[in-house]
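Novice: Show me the folded form of this:
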Amino acid sequence: MQPSSIKPRLSFWQLWNMSFGFFGIQFGFALQNANTSRIFSTLGANQDDLALCWLAAPVTGLLVQPIIGYLSDNTWHPFWGRRRPFFFIGAILASIALFLMPNSSMLWMAVAVLWLMDAAINVSMEPFRAFVGDKLAPAQQTAGFAMQTFFIGCGGVIASLLPTFFADIMGVSNVPLNGAIPDTVRYSFYFGGAVFLLSVMWTVFSSKEAPPENLAAFEAERAKAKAKGLGHALREILGGFGKMPKTMVQLAVVQFFTWIALFAMWIYTTSAVADNVFGTVDAQSAAFQEAGNRVGVMFAVYGGVSALAAFVLPVLARMSSRKLVHMSCLVIGGLSLISVFMIHNINYLYLPMVGVGIAWASILTMPYAILAGALPAKRMGYYMGVFNFFIVIPQIASGFLLGYITKNFLAGHAVMTLVLGGVCMVLAGLLTLWVKDDAVPAEKAVAVQAAA
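Specialist: Numbers count the residues shown, from 1 in each chain. Modelled structure (predicted):
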């Protein structure tokens, strides 16, 4: 890989092409986030078990992310490059899973497919973060992550609206006949599977990767590691935890509370809206399914806001600092999530999603931009994978605890779980002030790049 000081500055369309795959990746995640609880509930899961059923997703990420990061760091092919083989394989597997998910006929089948789907999406997604660190100089890294956030927002908007589009525009049935998944959800997942595959393939075939700076030394080191076997690889993967940069440790604490909030939102918003606005907890009722569609629209709002905010946040970061921007966005998002419990009119529930969208844009941009500057280039993929531990660990904790807390301390009211999530997000924002950001000012980075 080229040293960061002499990496060429990429054009807008090069940034577009290398990030476009995230449109499809978020299509898959948005369908998962907006509809998985609905699918589980339709297949018989009660509210107390929802968080446990969701455990499949973070546990999969915990296992997959660092392994894929390590493997992609140690991969090179003259045509496929370093990260793109994983984009390609993950896209095929994720598309298959998206077709399978809405055809689950029993709860255990849906949980099993969630394992497959989340693992496959993670295989594609994790190397995308390292892709930015590989290809972009420090002056462009925030813009690179912002471009990814733009496509994440766009993918999230369209995917979240699909069930409503099929129901209201195409006249597709939104009723779960005989306990089966509604046709609106099934068709949405089919469409999402196609979009996922085509979008990731666009990036695979339109972007190129530079070879390692010293290819001979890279190949020799890779051959040596291969000769040492699987045990050596596992030691390498586990040993990196004790060598995490200080900035990464500080960001890990912020991520912990941030992702408790997000996981609470993804799991409980459908139940919260059904109960707090539509007055039902019966997953087989038309009102509950209508709540599910409305939650899709709500999630589309925050996705759309994040797509727009993605281009504003780098400007604000240059005017102030990345951690100040991140702190402000998280506080806004947390307060917005807390406000949901006070709203009983569905038309007003879109307003808090504006604040959540601002936070989501920053969550997908600023921590990675801060982290990229603190990581060794040759282990970028690995540490980006390890960083995702601090996304999945809070989700696992939430999976075990949120159901118990909701039932025993919040009287079964899912909307109060959203309030708890909002409090966690505000706390995450305040903890951002503790993070040390060794940012290279954009003007200085450009000057260094030009001098090189």
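
Novice: shouldn't residue 110 be in contact with residue 103?
Specialist: No. Between residue 110 and residue 103 there is no contact, the gap being 9.5 Å when judged by CB atoms under 8 Å. Bear in mind the C-beta positions are built from the backbone N, C-alpha and C, glycine included.

Novice: which one of these two has more residues nearby?
Specialist: Using other CB atoms under 10 Å as the criterion, residue 110 and residue 103 rank with residue 110 on top: 25 against 14.

Novice: What residues sit buried inside the helix or strand hosting the more buried one?
Specialist: Element membership of residue 110 [criterion: DSSP states H and E] is helix 107-135. Neighbour-count burial for helix 107-135, counted by 16 or more other CB atoms under 10 Å, picks out 107, 110-111, 113-135.

Novice: all helices for the stretch 201-350 of the chain, in order.
Specialist: All helices of the stretch 201-350 of the chain, identified by DSSP state H, counting those that start in this stretch, fall at 215-228, 230-239, 246-276, 286-319, 322-339, 350-363.

Novice: Lowest average confidence across the ones you listed, which one?
Specialist: Across those, the stretch with the lowest average pLDDT is helix 230-239; it has a mean of 62.

Novice: Of the helices of the stretch 201-350 of the chain, which is nearest residue 411?
Specialist: Distance to residue 411, taken as CB to CB, is lowest for helix 246-276 among the helices of the stretch 201-350 of the chain, at 11.0 Å.

Novice: List the buried residues in that closest one.
Specialist: Across helix 246-276, burial judged by 16+ other CB under 10 Å covers 247-248, 250-276.

Novice: and if you look at stretch 295-311?
Specialist: By 16+ other CB under 10 Å, the buried positions in stretch 295-311 come out as 295-307, 309-310.

Novice: and which of the residues you listed is nearest to residue 362?
Specialist: Using CB to CB, residue 309 comes nearest to residue 362 of the buried residues of stretch 295-311, at 7.6 Å.

Novice: hang on, that closest one packs against residue 356?
Specialist: No. Judged on CB under 8 Å, residue 309 makes no contact with residue 356 at a distance of 11.0 Å.

Novice: related to what we said a few turns ago, adding distance to residue 156, write the helices of the stretch 201-350 of the chain out as JSON lines.
Specialist: Below are those laid out as JSON lines (distance: least, CB to CB, whole Å):
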{"stretch": "helix 215-228", "distance to residue 156": "37"}
{"stretch": "helix 230-239", "distance to residue 156": "31"}
{"stretch": "helix 246-276", "distance to residue 156": "12"}
{"stretch": "helix 286-319", "distance to residue 156": "3"}
{"stretch": "helix 322-339", "distance to residue 156": "15"}
{"stretch": "helix 350-363", "distance to residue 156": "8"}
